[in-house]
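Peer 1: could you look at this predicted model? Sequence included:
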Amino acid sequence: MRTDRLSLRQRLLLWLLLPILLLTGIWAWATYAIVLHFANRTYDWSLQDTAQTLAGQVRVVHGAPEFDLPPAAHRMLEFDEVDKVYFSVSDDHGQQLVGNRSLPPGPARVMVPGETRFYDSRVDGETVRLVEYTVPSGVHGQLLFVRVAETLHKRQAMARDALVYMITPQLLFLASIVLLVWHGIGRGMAPLSRIRDAIARRTHEDLSPLGESGLPTEVHEQVHVINDLMARLGRTITAQQRFIADATHQLRTPITVLCAQAELALRAHGQDELRAELAKLNATTVRLARLANQLLSLSRAEARQSGALDFAPVDVAALLEDVVERLVPAALAKQIEVSIELADESAVYGNRQFLSEMLANLVDNAIRYTPPGGRVGVGARQANGSVAFVVTDNGPGIPEPERQRVLEPFYRSADAGVDGSGLGLAIAHEIATLHKGRITLTAASGDSGLMASVEIPAASASCP
Amino acid sequence: MRVLLVEDDDALRDTLLQALRQAGYGVDHVADGRAADSALATGTYDLAVLDLGLPRLDGIEVLRRARARQDRTPVLVLSARDGIDERVLGLRAGADDYLTKPFALRELEARVDALIRRAAGGLTRLSYGPLELDLSNRAVTIEGKPLDLTVREIAILEALIKRVGKVVVKTRLAQQIGDWASEVGTNTIEVYIHRLRKKLKPYDLSVRTIHGLGYMLEACSEN
């Protein structure tokens, strides 16, 4: 049986009942042995009494010991309902003076008068208990050996009775123990069952904490940890739901524009009017596509906050050139001058795709909010084991009180004046956090323009 | 009919502006809540189309302030939030109608027409002699046959029919059919009146000039 598949109740029963059974067995056996010992001693004593009574019948007549046992006494001696009793009195030459059977001498005979020996032997193929009593014969230097033997039937019957009388309460005791342990485990594990039922009854939307009162300490800790996890889960789900609500909200306006423009296009008279309407329609689809992509980037970056990411050293110069190259056409269209400034060779430890996306959003933002003819600067410099990416523009900038809020998804400054999704900076912020970096927004010069700076740990610092 | 359009999304504002102007309304437009608030406080509008998610001042707040000023301008609320709570909130704040984005342009136009009609006393058509103006589709018929008029001409005719027998002040007429972008001067009004007269003449209808004041629609035979 594999123990890892056993229930907790089964484990507890296994660990409690097996030792209890074993100990009860040992205890019963020991008690039985003690009872037998004392019972046998009582029988032995009565055997000894008989031997001593027999010894009292020895008389010395004419210098030789004589044994006077009247027939009545003889019968009484032999009389026993259950067992056969044998006796013999013999001198130290082995010459039997009286007796109903020749009995074997005790082991290691001791020639001390008054000494008693108990021993087991066999008579007529049956096991017997013997006592040997040594007495002086009355004749100088001569000893007599009085032996009485008894079959074991009484003793065996007694042992059987003792066993039966002991085993019955022991079994009752054991049964009670099993029931009590079973019941006790059930009672002890009741909180676990309550929690199981409480969880089973829940709908998938119910993430409220489980009741923590009235629980044993061990379970209390478990439940507390589960509640903690559910709370975190709840916060994540709430954040995701808010994100989805915000995202759909964000999508509704451009979709409305799309519908309205399509309707206007259908009403258009003539080729030129139709072309003009279709051009607007096209611009709206581009805007929608960009919004959808940004939503995707943001949710991807947010999802990765908890998961693992492939990080590798990324060459800063190549990264910047790649990003700027892609955005130059947009800048040129607005007659914005874009410049790259690199202090020295450096690399950061991160995910190239995400970093590229982060920079693209910052540069795109700068181009978007800078009026035609403006300037956008992109650069990177090393400082204190990290690389700071800096994007500056000479657009209107962001007022100090709003600089933190614009990093939140969907937040748009009231003075933005340009159609943006309110996602660009949020994406950059999310990716910066993903790289254990942080984004700071300041005025580029004096109180105008914006300088977005993102510090990311350098490759050598975080990748030993 | 003069409409105030409040929408912060440039593309949507431009599109709605175009649609409402094509429908013959004089449309003023603003992009934030504060501008909407001051436009409503200073101007006279037959209807306001109000987006709720506005910068500077929330649309609901714009609505509350207008109602607090006893401004009874019909307001059609546009919102990207479609929850029942949101709609109730908008209607309770004083909106006359609520449209959830995305919506069809035709629905917006129909609701705008309906709101204006309701404000005018629930009329769907105006008539004077052989002349009939259907307010639901803004079509003019005379003796049962359609009369070809531009949207501006229809707007002027509507103002005149509504006050038959009374003088329609010229400056008020200019205000009603114009908007900020295309401020209609009194000279322009005279041009429209002149064109109207020519088109109505075969049916014995005329627009009389009350010098220094305005115009009146009347039948020639009565003259």
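Peer 2: Thanks, I have the structure now.
Peer 1: now what about stretch A:159-167, what contacts it?
Peer 2: A:28, A:31, A:32, A:35, A:36, A:39 (C-beta atoms under 8 Å, 6 or more residues apart in numbering or on different chains). No exception for glycine: its C-beta is placed from N, CA and C like everyone else's.
Peer 1: go through that stretch and flag the buried ones.
Peer 2: Buried positions in stretch A:159-167, judged by neighbour count with 16 or more other C-beta atoms under 10 Å in any protein chain shown: residue A:159.
Peer 1: what do you get for stretch B:51-58?
Peer 2: B:51, B:52, B:53, B:54, B:55, B:56, B:57.
Peer 1: strands - which of the residues you listed land there?
Peer 2: The members of these that map onto strands under DSSP state E are residue B:51.
Peer 1: residue ranges of the helices in chain A, please?
Peer 2: In chain A, the segments counted as helices under DSSP state H are A:8-55, A:71-78, A:153-201, A:217-267, A:270-304, A:316-333, A:352-369, A:424-434, A:459-462.
Peer 1: would you mind finding the most buried of those helices?
Peer 2: helix A:424-434 (a mean of 25; mean count of other C-beta atoms under 10 Å in any protein chain shown).
Peer 1: spit out the contact partners of residue A:408.
Peer 2: Contacts for residue A:408 (C-beta under 8 Å, 6+ apart) come out as residue A:426.
Peer 1: picking that back up, ok, of the contacts of stretch A:159-167, which one's closest to chain B?
Peer 2: The shortest approach to chain B among the contacts of stretch A:159-167 belongs to residue A:28, at 76.4 Å (C-beta to the nearest C-beta).
Peer 1: give the contact list for that closest one.
Peer 2: Residue A:28 touches A:166, A:167, A:170, counting by C-beta under 8 Å, 6+ apart.
Peer 1: do you know the pLDDT at the spatially closest residue to the last one that is not a sequence neighbour?
Peer 2: With sequence-adjacent residues excluded and distances taken as C-beta to C-beta, 6 or more residues apart in numbering or on different chains, residue A:170 is closest to residue A:28, at 5.0 Å. With respect to pLDDT, residue A:28 scores 87.
Peer 1: how close does residue A:28 sit to residue B:101?
Peer 2: 86 Å (C-beta to C-beta, to the nearest Å).
Peer 1: and if you look at residue A:365?
Peer 2: Taken as C-beta to C-beta, the span from residue A:365 to residue B:101 is 25 Å.
Peer 1: residues near residue B:197, how many?
Peer 2: Other residues lying near residue B:197 total 15 when counted by other C-beta atoms under 10 Å in any protein chain shown.
Peer 1: show me what the lowest-mean-pLDDT helix or strand in chain B is packed up against.
Peer 2: Ranking every helix and strand in chain B by mean pLDDT, DSSP states H and E puts helix B:170-177 at the bottom, with a mean of 80. The contact analysis (3 or more C-beta pairs under 8 Å, 6 or more residues apart in numbering or on different chains; DSSP states H and E) places helix B:170-177 against strand B:2-6, helix B:151-162, helix B:186-200, strand B:214-219.
Peer 1: winner for burial among these?
Peer 2: strand B:2-6 (a mean of 25).
Peer 1: which residue is most remote from the mean position of chain A?
Peer 2: What lies farthest from the middle of chain A is residue A:62; by C-alpha atoms, centre = their mean that is 95.4 Å.
Peer 1: got phi/psi on that residue?
Peer 2: Phi and psi for residue A:62, reported as degrees, to the nearest 10, are phi 60, psi 50.
Peer 1: how far away is residue A:212 from residue B:89?
Peer 2: The value you get for residue A:212 to residue B:89, if C-beta to C-beta is used, is 38 Å.
Peer 1: same thing with residue A:241?
Peer 2: For residue A:241, the distance to residue B:89 equals 20 Å [C-beta to C-beta].
Peer 1: same question for residue B:114.
Peer 2: 22 Å.
Peer 1: and the helices of chain A, which one's lowest on average pLDDT?
Peer 2: Among the helices of chain A, helix A:459-462 scores lowest, at a mean of 59.
Peer 1: skipping adjacent residues, who's closest to residue B:40 in space?
Peer 2: Nearest one to residue B:40, counting by C-beta to C-beta, 6+ apart, is residue B:66 at 4.9 Å.
Peer 1: hang on, the one you found packs against residue B:94?
Peer 2: Yes: here residue B:66 reaches residue B:94: they are 7.0 Å apart, a contact under C-beta atoms under 8 Å.
Peer 1: between those two, what contacts are shared?
Peer 2: Joint contacts of residue B:66 and residue B:94 (C-beta under 8 Å, 6+ apart) are residue B:75.
Peer 1: show me which residues of chain B are close to chain A?
Peer 2: B:9-12, B:14-16, B:18-19, B:22, B:32, B:53, B:55-56, B:80-81, B:101-106, B:108 (C-beta under 8 Å from any C-beta of the partner chain).
Peer 1: just the buried residues of those residues.
Peer 2: Counted by 16+ other C-beta under 10 Å, those give B:9, B:11-12, B:14-16, B:18-19, B:32, B:53, B:55-56, B:80-81, B:101-103, B:105, B:108 as buried.
Peer 1: now intersect these with the helices, please.
Peer 2: B:11, B:12, B:14, B:15, B:16, B:18, B:19, B:105, B:108.
Peer 1: farthest-separated two in these?
Peer 2: B:11 and B:108 (15.2 Å; C-beta to C-beta).
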